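*Asks:* sequence? don't have it. structure:
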């Protein structure tokens, strides 16, 4: 098995260089370091008052060019989850989702997660949503909806037709509490 171009031999205890020249610590696997570094960069740009959705989408595109696509997509999905929770339903979320959509095109897992966050924000914000979209959504989306949404129509739908027993039970419990 040949070495990749970015791999170098090193003496024990020395730091190895990332392909872009940034050193990574000796204490953990390179992929772990890059994962957390990507999250730090994405978080920094998402809280920068001078950066808008286009700049954040550009930063996501940079992460998705990482040589490890599984790790890169995982970092992006973690960022999407953290960021979507902080954005209120409405114009701010919609602009963010529109900016990220093209960057995630062709990346099945992150694109699906963005669509599901869009669905959750539509339901939570009182916008139009399709019951078929919620019943076809992933277990993660249905579970998140059952735990977080207050929309009685969505909870009723999940209580009756969610894929997992856990989600059906959670939605039913929340409906019972809402009736009291």
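*Replies:* Now that the structure is in, tell me what you want to look at. In this text the structure is predicted, and so the values were computed from the model without any measurement. Numbers count the residues shown, from 1 in each chain.

*Asks:* use CA for all of it now, contacts and neighbours both
*Replies:* Will do.

*Asks:* Test my guess that residue 119 contacts residue 129.
*Replies:* Yes - assessed by Cα atoms under 8 Å, residue 119 is found in contact with residue 129 at 6.8 Å.

*Asks:* the more surrounded of these two?
*Replies:* With neighbours defined as other Cα atoms under 10 Å, residue 119 and residue 129 compare such that residue 119 has more, 21 against 16.

*Asks:* contacting residues around the closest residue in space to residue 128 that isn't next to it in sequence?
*Replies:* Take residue 128 and drop its neighbours on the chain: the residue closest to it by Cα to Cα, 6 or more residues apart in numbering is residue 122, 6.5 Å away. By Cα atoms under 8 Å, 6 or more residues apart in numbering, the residues touching residue 122 are 89, 128, 129.

*Asks:* what about residue 122, helix or strand, and which?
*Replies:* helix 108-124 (DSSP states H and E).

*Asks:* and the helix or strand that that helix is followed by, which residues are buried?
*Replies:* Where DSSP H and E defines the elements, the next helix or strand beyond helix 108-124 is helix 131-136. Residues 134, 135 are the ones in helix 131-136 that count as buried (16 or more other Cα atoms under 10 Å).

*Asks:* for stretch 41-60, same thing?
*Replies:* Buried, per 16+ other Cα under 10 Å, within stretch 41-60: 42, 43, 45, 46, 53, 55, 56, 57, 58, 59, 60.

*Asks:* Does the fifth one touch residue 92 like I think?
*Replies:* No - here residue 53 lies out of contact with residue 92, judged by Cα under 8 Å, at a distance of 9.0 Å.

*Asks:* these two touch, right, residue 114 and residue 97?
*Replies:* Yes - counting by Cα under 8 Å, residue 97 is a contact partner of residue 114 at 7.0 Å.

*Asks:* where along the chain do the helices fall?
*Replies:* Along the chain, the segments classed as helices by DSSP state H run 30-47, 53-64, 69-86, 91-104, 108-124, 131-136, 139-148, 152-161, 165-179.

*Asks:* Taking helix 152-161 as reference, get the angle to the helix holding residue 122.
*Replies:* Following axes from the mean of the first three to the mean of the last three Cα atoms, to 10 degrees, one obtains 120 degrees for the angle between helix 108-124 and helix 152-161.

*Asks:* Low-confidence ranges, this structure, go.
*Replies:* 1-28, 31 (pLDDT under 70).

*Asks:* Adding distance to residue 147, write the buried residues of stretch 41-60 out as JSON lines.
*Replies:* Below are those laid out as JSON lines (distance: Cα to Cα, whole Å):
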{"residue": "42", "distance to residue 147": "26"}
{"residue": "43", "distance to residue 147": "25"}
{"residue": "45", "distance to residue 147": "29"}
{"residue": "46", "distance to residue 147": "25"}
{"residue": "53", "distance to residue 147": "28"}
{"residue": "55", "distance to residue 147": "32"}
{"residue": "56", "distance to residue 147": "28"}
{"residue": "57", "distance to residue 147": "28"}
{"residue": "58", "distance to residue 147": "32"}
{"residue": "59", "distance to residue 147": "30"}
{"residue": "60", "distance to residue 147": "28"}
